[in-house]
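Asks: Fold the following.
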Amino acid sequence: MSKVEPIDIAKWFMNSDISGIDNSQDGNTKLQKLMFFSQIIYMCKNNNEKMFDQNFEAFKNGMVLDDVRQEYKYHYKTLKEESNNVELPEDIINALTLTKEIFGHYSAEDLSELSHEFEAWKNHHESSKGILGYYNHEKAKVPYDELQKELYRMQKVLNAYESTANIPYNEEEDY
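Replies: Next up, the predicted model:
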């Protein structure tokens, strides 16, 4: 059962002061990858439970929620205006905040490359390719049981982040 709608997650990120989520293709790409990573982080932190039920699709630039991608592309201004009024449960805000802290400073291109490390993306992207570059959206859909098999990847990232999160950072230190 879904806790929230994916579009509300998108609105939260749009209102969270992350650079690069502007009205552009790169902005849409970055938003999509943050949504993907936030879902994986949420699953890691909440016993494989999902924030939302919609399946990601394996697009050229990584995992995508196509409905959200289209909404962003054609109704960015409305989404941005509505982003100030999003209310989400605390456990979801915690996962989104963690996603922002870990991945928010990366570019759309970097996030896209990171999402390409997932076997589920590789398998479904390759099988969804059709004639003349067209994609089969049904074959591109990635079932959540396949993402669950790869939670260990994100768990390693979370473990590394959490083990270093409280170490003071000094820009002046010479490494």
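
Asks: May I have stretch 66-77 exported as PDB, CA atoms only?
Replies: Extracted in PDB, the C-alpha atoms of stretch 66-77 (Å, rounded to 0.1, in the frame of the first residue of the first chain):
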ATOM      1  CA  ASP A  66       7.100   8.600 -16.300                       C
ATOM      2  CA  ASP A  67       3.900  10.300 -15.000                       C
ATOM      3  CA  VAL A  68       6.000  12.600 -12.800                       C
ATOM      4  CA  ARG A  69       8.400  13.300 -15.700                       C
ATOM      5  CA  GLN A  70       5.500  14.300 -17.900                       C
ATOM      6  CA  GLU A  71       3.900  16.500 -15.200                       C
ATOM      7  CA  TYR A  72       7.200  18.200 -14.600                       C
ATOM      8  CA  LYS A  73       7.900  18.700 -18.300                       C
ATOM      9  CA  TYR A  74       4.500  20.200 -19.100                       C
ATOM     10  CA  HIS A  75       3.300  21.800 -15.800                       C
ATOM     11  CA  TYR A  76       6.500  22.900 -14.100                       C
ATOM     12  CA  LYS A  77       5.200  26.300 -13.000                       C
END
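
Asks: hmm, who's touching it?
Replies: With contact meaning CB atoms under 8 Å, 6 or more residues apart in numbering, stretch 66-77 is reached by 6-7, 10, 23, 27-28, 31-32, 35, 54, 57, 79, 137. Backbone N, C-alpha and C define where each C-beta goes, glycine included.

Asks: Out of those residues, which end up buried?
Replies: Among the contacts of stretch 66-77, those scoring as buried are 6, 7, 10, 27, 28, 31, 32, 35, 54, 57, 79 (criterion: 16 or more other CB atoms under 10 Å).

Asks: These in strands, which ones?
Replies: residue 57 (DSSP state E).

Asks: With pLDDT as extra columns, can I get the buried ones among the contacts of stretch 66-77 in a markdown table?
Replies: Formatted as a markdown table, the buried ones among the contacts of stretch 66-77 follow (pLDDT from 0 to 100):
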| residue | pLDDT |
| --- | --- |
| 6 | 97 |
| 7 | 97 |
| 10 | 96 |
| 27 | 93 |
| 28 | 95 |
| 31 | 97 |
| 32 | 97 |
| 35 | 97 |
| 54 | 94 |
| 57 | 93 |
| 79 | 93 |
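
Asks: Just name the closest of the buried ones among the contacts of stretch 66-77 to residue 108, please.
Replies: Using CB to CB, residue 27 comes nearest to residue 108 of these, at 7.3 Å.

Asks: With that, I have no additional questions.
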